[in-house]
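Undergrad: Whatever this is, show me its structure:
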Amino acid sequence: MVKSEQVWPISLRLSVTDQCQLHCIYCAPPDGVEQLSFAELLSFEEMLSFVWIVKRRFGLSKVHITGGEPLLRPGVTDFVATVARENVADLALTTNGQLLGAIALELKRAGLPRINISLDSLNHETFRWLTRGGELRHTLAGIEAALQSGLSPVKLNVTVLRNVNNHEVVDIARYGLERGCEVRFLELMPIGPAADRFGDLFVASAEVRAKLGEAFHLKPTPLMYGKSSMNYLARDAHGRKGIIGFISSQTAPFCCGCRRLRLTATGQLIGCLARGEGPDIRPLLRDGDSCDGETLVEAIHGALCLKRNGGPFRTRELMARVGG
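TA: Numbering: from 1, shown residues only. This is a model prediction of the structure:
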């Protein structure tokens, strides 16, 4: 018999699709990701079965819906509504924002409290080049729609790249503060295409923080155990205030206390983003008896044991496959 009682509940990231609308230079190959057949993807019902057993057997602090681009998956709003009815303490979704303008209010009404939106540049040409065809105006419209719908907080995620967008960090931070968004600057991770260009593109959080410190007064907020973002209360010369965060996977890893699990769209349960390893639980989720037995619980325990606890990244998986 496997003991399932845990001191800390699990934070679960569900990748509802590996289909990409944008092919950002650091996370996807130029020709995109091969689209899988419908039969290869977990159904929403199978994902909900997993949410249910994690909540019942381990405790569940957070469900974060990701992709690929989750808004490409038909029925995602109904899925959000069903997960919301599980009364998880924290429910969120990450998107590139290209489709968000038309669906933000629907997501809010379905029970989504908050949203993360990728925004790597405020320059139209840089954005188009970096995303290989994305339109900045669509993402900006998505941000405005999220704010108007009452989603809160709206968090803007910025992956900082040398000689690409590192000169924009003050402008992006100011854009976020002016609209009441939280802005989080992410260190590049050596995953997928970024692994080969990591040395040229990487920018440490300390460098970004120093640049922002020239434009804002930054006061650190209390660090919460197990959280990935180190947050600061930022204030500009006009008295505007807001949260600026730094996710420093390379220079300040947050492995200690990490209770994140990632369930990919095809059913791989990944315990550590830096490792990209984990059991295939799709057969278990498609066998109704397994969800009531110990086999799936053992698989969850095994995935939790795959945490790296420091050390280098050693996965070559694409972010679209493992879930952002």
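
Undergrad: Please make it C-alpha for all contacts and neighbour counts, starting now.
TA: Will do.

Undergrad: hey, where'd the strands end up in the stretch 1-150 of the chain?
TA: Ranges of strands in the stretch 1-150 of the chain, per DSSP state E, counting those that start in this stretch, are 10-15, 60-66, 90-95, 114-118.

Undergrad: Take these and lay them out in CSV including mean neighbour count, mean pLDDT and distance to residue 197.
TA: Output for the strands of the stretch 1-150 of the chain, formatted as CSV (neighbours: other C-alpha atoms under 10 Å; pLDDT from 0 to 100; distance: least, C-alpha to C-alpha, whole Å):
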stretch, mean neighbour count, mean pLDDT, distance to residue 197
strand 10-15, 24, 95, 25
strand 60-66, 23, 96, 25
strand 90-95, 22, 98, 24
strand 114-118, 23, 98, 20
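
Undergrad: okay, those strands in CSV with distance to residue 195 next?
TA: Rendered in CSV, the data for the strands of the stretch 1-150 of the chain read as follows (distance: least, C-alpha to C-alpha, whole Å):
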stretch, distance to residue 195
strand 10-15, 22
strand 60-66, 22
strand 90-95, 23
strand 114-118, 20
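
Undergrad: Look up phi and psi at the residue nearest to residue 26 when sequence neighbours are not counted.
TA: The shortest distance from residue 26 to any residue other than its chain neighbours is 4.6 Å, reached at residue 194 (C-alpha to C-alpha, 6 or more residues apart in numbering). The phi/psi pair for residue 194 (degrees, to the nearest 10) reads phi -70, psi -20.

Undergrad: Between the two ends of stretch 68-77, how far is it?
TA: One end of stretch 68-77 sits 16 Å from the other (C-alpha to C-alpha, to the nearest Å).

Undergrad: Then stretch 129-139?
TA: Between the start and the finish of stretch 129-139 there is a gap of 15 Å, counting by C-alpha to C-alpha.

Undergrad: Give me the contact list for it.
TA: Contact with stretch 129-139 is made by 22-25, 30, 96-101, 119, 122-124, 127-128, as judged by C-alpha atoms under 8 Å, 6 or more residues apart in numbering.

Undergrad: re earlier: can you say which of the strands of the stretch 1-150 of the chain is nearest to residue 306?
TA: Distances from residue 306 to each of these were compared using C-alpha to C-alpha; the minimum, 14.2 Å, belongs to strand 10-15.

Undergrad: who does that closest one touch, helix- and strand-wise?
TA: With contacts taken as 3 or more C-alpha pairs under 8 Å, 6 or more residues apart in numbering; DSSP states H and E, strand 10-15 sits against strand 60-66, strand 260-263.

Undergrad: show me the contacts for the nearest residue to residue 263 once chain neighbours are set aside.
TA: Counting by C-alpha to C-alpha, 6+ apart, residue 263 lies nearest to residue 269, which is 4.6 Å off, once chain neighbours are set aside. Contact partners of residue 269, counting by C-alpha under 8 Å, 6+ apart, are 261-263, 277-281, 300, 303.
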